[in-house]
Structure formats: structure tokens, C-alpha cells
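>>> structure for the following, please:
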Amino acid sequence: MWRTEGGVRLQARSGRDVTAVWGDLALAGLPLPAGTVLDGEAVIVTEDGRISFEAAQARAASSPSRARILASRRPAHNIVWDALQLSLPFGDVRARPYRERRASLLDVLSGLPANSPIQA
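Numbering: from 1, shown residues only. Below is the predicted model of the structure:
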């Protein structure tokens, strides 16, 4: 998840831009400070509270219009585990120890609304 000055961009591990199919997560990322880059995984949780790989795959393979329908039925969550970049003056933090990055990640996430689908 890349929070830029102009919005939020979501990128798959392959480098492909997947913002259009995970638009609900892009909207959820707007409160993040510009310049923040987070590493994580988009997941879908079923009614019984389990993470559904199949539902996430269906969303990832859908068209943007179909993704909006799927999002209305089962919103996504972005489970993040690392901060790669922070807003200025910090910038790229990948060389810092993980415990520092984790603390920074938790600090950034504390600024999100309580019901945010972006979680550590």
C-alpha cells in the first residue's frame, strides 16, 4: 500500500497495480500520511470469521465493477506487517531494525479510525 500525495495505490507482489479491485482498501488508506508505504496482504473474512483465500482470489481476478459488488458483500481487510517507508522526515526505513519499523507501523496505524480495515 502506497500512500502518495494524490491518493493510495495498491500493488501486488508481482508489481501489478491492483488498486481498482481493492478500492475499498485504497479508500481506507487515505487517512495515512502521504509518503507511507506498508507491506501486507489483502484478505477477505467470511461470515464465520475465517480468512477465505478463494474469496480473495475471486476479488483479485475480477473486473473493477465486479470488485465493487464483491466488496459490498464482503469488505476486504489489509493485514500489514511492515512499514517500508514513512512520511518525511523519515523516508525509506527498510534498513532499520524490524522492531523499530514495527513500532513505527503501530504508531502510523494508531492514527487510523478505530474501525479501519487496515490492521497490524
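
>>> do I have it right that residue 18 meets residue 10?
Yes: Residue 18 is in contact with residue 10 according to Cβ atoms under 8 Å; the separation is 5.0 Å. In short, each C-beta sits where N, CA and C put it, glycine included.

>>> overlap in contacts, the two.
Common neighbours of residue 18 and residue 10 are listed as residue 42 (criterion: Cβ atoms under 8 Å, 6 or more residues apart in numbering).

>>> just the strands in this protein please.
Assigned by DSSP state E, the strands in the chain fall at 2-3, 8-9, 37-44, 76-86, 91-92, 118-119.

>>> and residue 79, what does it touch?
When contacts are counted by Cβ under 8 Å, 6+ apart, residue 79 touches 40, 41, 43, 119, 120.

>>> need the contact list for the residue nearest to residue 92 when sequence neighbours are not counted.
Distances taken as Cβ to Cβ, 6 or more residues apart in numbering place residue 85 nearest to residue 92, at 5.2 Å, with adjacent residues excluded. Applying Cβ under 8 Å, 6+ apart, we find residue 85 in contact with 35, 36, 37, 91, 92, 93, 94.
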